[in-house]
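**Q** Take a look and give me a structure for this.
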Amino acid sequence: MKRSFYCFLAFLILGIVLGLSNNDNPLTKTNLASKNNSTSQVEVDNNNNNSLYYIDEFPAPNDTAALKLRGYLVYKNGTYTGGSLPNFWFTGRPTRFPAFNGADSDYVASDIISAGYEGNIDNWLVLPSLDVVALDSICFRSRSPLASVFRDSIRVMFNPLGGTLPSSPGWIELGRFRVNNAGVWELSSFVIPSSALSARLAIRYSVVRSGLNGIYGDYIGIDELRVEGQGVLPVDIASFTSVITNNNVTLNWTTATETNNSGFDIERRDARRETLASRSGQDVWSKVGFVECNGTSTTSQNYSYNDRGLNSGKYNYRLKQIDFNGNFEYFNLSNEVVIGVPRNFELSQNYPNPFNPSTRIDYQLPNDGNVNISVYGNSGKEVMTILNKFKTAGYYSVYLNASSLSSGIYFYKITFDNFSSVRKMMLLK
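**A** Numbers count the residues shown, from 1 in each chain. From the prediction side, this is the model:
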């Protein structure tokens, strides 16, 4: 392999003189657990006026071609001696270490091969242009191989003038640091000092005298890149309310202005399952719908979404506003939605009908009791029991999978205390 440990000691002082020491500290640096102990995705709370401008969790592939397709500008600004020029940004190698989250290879990486046999590494990963304000921040996670003695360095750059080249005027270094070699992904955050439109941010893998025959540098990974803060919001929500009708919820919201707005994902959280899911590290929000938007508007726009057939319980809602570049932010409904207990017993018509092979059956119970739902053929013979269980009062849904039945007319019957009801359905295969 390359260089010996003694060679490294011999040139250590030279490396310090050349500026590889970690003298400039980012705003915050916190050791976090590795992928196996990772927390769930950070959420943006609009009630606290936070905004997530940009996020990339680097799903593979992450070579230079793939990065360019996602809007990055990539540059190899160092020196190189050797054969053909390699990919200087590439998809993470799980054999070195796994990603912070997602699949093991879901991070972007770079290493000493960027310098060939010997040279200086100065690989730039320039983000797409963003509108930012003072005190916003860029944060990301990084790490090197466990116990690596050939320490790597990263610099973080900001250009309020929107320069796209390393040589463009206006670049400001926000800070630099030595990459963590303790076997964990380390979170680093850097404050953006001034407001700017179409500004550029860049991460630089910067090491002198690297390469196979060099002295410094090894291998780095970068994951979960974010730009966030309290600045310019692409969409201004003027109101967000809910209306409950039996077990249906209508969400209404109004925007004052919109910029580059693709649409809204509607996400719901069941409060009954929140505690258990949170303890297991799962994301307790689920997407239930999407409302398309038209881009940019300087006038007020009204939107609505109907969430139907909910079971009794407590729910939270939020809007995930997505722009045409894939960036997003969240807007939370301030109140909790409570679906109560129905006043009457009722069995609804299955949907869809006709069906193949699955259909949904809704029913409601005004009080507690044992519930039986069975399916009968056209001759009156019972062919299947869907449910036979004690249920508390509330709204419910049950799904029928009729893949084992042949096409034809069937009847489903619910029996509950002194009540019973029958409806007809059609299976078409």
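**Q** so what's the closest residue to residue 317 other than its chain neighbours up against?
**A** Closest residue to residue 317 apart from its sequence neighbours, by C-beta to C-beta, 6 or more residues apart in numbering: residue 333 at 4.3 Å. For every residue, glycine as well, the C-beta is placed using N, CA and C. When contacts are counted by C-beta atoms under 8 Å, 6 or more residues apart in numbering, residue 333 touches 240, 241, 242, 251, 316, 317, 318.
**Q** Now the helix or strand containing the fifth one: average pLDDT?
**A** With elements delineated by DSSP states H and E, residue 316 resides in strand 313-323, which encompasses its position. Strand 313-323 comes out with an average pLDDT of 90.
**Q** Point out the other helices and strands that that strand packs with.
**A** Judged by 3 or more C-beta pairs under 8 Å, 6 or more residues apart in numbering; DSSP states H and E, strand 313-323 is in contact with strand 235-245, strand 248-270, helix 271-279, strand 328-332, strand 337-339.
**Q** hey, least reliable of those by pLDDT?
**A** helix 271-279 (a mean of 53).
**Q** Quick one: name whatever helix or strand follows that one.
**A** Using DSSP H and E, the helix or strand that follows helix 271-279 towards the C-terminus is strand 286-297.
**Q** Can you name the next helix or strand after that following strand?
**A** Following strand 286-297 in sequence, per DSSP H and E, is strand 301-307.
**Q** May I see the buried residues of that next one?
**A** For strand 301-307, burial by neighbour count (16 or more other C-beta atoms under 10 Å) applies to 301, 303, 305, 307.
**Q** Ok, stretch 387-407 next?
**A** Neighbour-count burial for stretch 387-407 flags 387, 393, 394, 395, 396, 398, 400, 402, 405 (criterion: 16+ other C-beta under 10 Å).
**Q** CA atoms of it as CSV?
**A** Presented in CSV, the C-alpha positions along stretch 387-407 are these (Å, rounded to 0.1, in the frame of the first residue of the first chain):
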residue,chain,number,x,y,z
LEU,A,387,-64.8,-10.4,11.2
ASN,A,388,-66.0,-11.9,14.5
LYS,A,389,-64.6,-9.7,17.3
PHE,A,390,-65.6,-7.5,20.2
LYS,A,391,-65.4,-3.8,19.2
THR,A,392,-65.8,-0.5,21.2
ALA,A,393,-68.1,2.2,19.8
GLY,A,394,-66.7,4.0,16.8
TYR,A,395,-66.2,4.2,13.1
TYR,A,396,-64.5,1.2,11.4
SER,A,397,-63.3,-0.2,8.1
VAL,A,398,-62.6,-3.8,7.1
TYR,A,399,-61.1,-5.1,3.9
LEU,A,400,-62.4,-8.2,2.0
ASN,A,401,-59.9,-10.1,-0.2
ALA,A,402,-62.1,-12.4,-2.5
SER,A,403,-59.2,-13.9,-4.5
SER,A,404,-60.3,-17.4,-3.4
LEU,A,405,-63.9,-16.8,-4.7
SER,A,406,-65.3,-17.0,-8.2
SER,A,407,-67.0,-14.2,-10.1
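**Q** can you list the residues that contact it?
**A** For stretch 387-407, the external contacting residues (C-beta under 8 Å, 6+ apart) are 246-247, 309-313, 339, 341-342, 350, 355-373, 375, 383-384, 386, 410, 412, 427-429.
**Q** go with 7 Å
**A** The contact list for stretch 387-407 (C-beta atoms under 7 Å, 6 or more residues apart in numbering) reads 247, 309-312, 339, 341-342, 357-373, 375, 383, 386, 427-429.
**Q** could you give the mean pLDDT of it?
**A** The average pLDDT for stretch 387-407 rounds to 92.
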